[in-house]
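In: from the sequence below, what's the structure:
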Amino acid sequence: MRKGLRDFHDVALTDKATLIEEIDRASNALQCLHDPDKINVAALGNMVPQLHVHVIARFATDAAWPGPVWGEGPVLPYKSVQLSDTVNALKIAFK
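Out: Numbering: from 1, shown residues only. Okay, here's the model as predicted:
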């Protein structure tokens, strides 16, 4: 985390390799856990200005496939058991 970053070009050269490594770790964790058809990586930031990166496991069976996941269909909350299981699996995958 770095204060004041809005876009990729704002990331200091000394931090860029770490950013890519973190994206890579998240992508690999999702690949191992879910075996998606595609991993999408995006930094849109249109709703909130700070730099943040979305790493999304996509499937050909997605309601939005092959389009973007944003603004497609109703937002469905996670079930608490499903969310808990997912968080635990991600914690293990990131160790």
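In: now this protein, which segments are flagged as low pLDDT?
Out: With pLDDT under 70 as the threshold, the chain has no low-confidence stretch at all.
In: what are the ranges of the helices in it?
Out: Defined through DSSP state H, the helices belonging to the chain, from first to last, are 13-34, 80-93.
In: switch those over to TSV; also include distance to Met47.
Out: Bear in mind the C-beta positions are built from the backbone N, C-alpha and C, glycine included. Formatted as TSV, those follow (distance: least, C-beta to C-beta, whole Å):
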stretch	distance to Met47
helix 13-34	20
helix 80-93	22
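In: so for Glu72, which of those sits nearest?
Out: Evaluated with C-beta to C-beta, the helices of the chain place helix 13-34 nearest to Glu72, the distance being 19.0 Å.
In: burial of Leu5, as a residue count?
Out: The local packing of Leu5 (other C-beta atoms under 10 Å) involves 19 other residues.
In: who are the neighbours in contact with the nearest residue to it once chain neighbours are set aside?
Out: Counting by C-beta to C-beta, 6 or more residues apart in numbering, the nearest residue to Leu5 once its immediate chain neighbours are dropped is Leu51, at 4.0 Å. The contact partners of Leu51, taken as C-beta atoms under 8 Å, 6 or more residues apart in numbering, are Arg2, Leu5, Arg6, Asp7, Phe8, Asp10, Val11, Ala43, Gly45.
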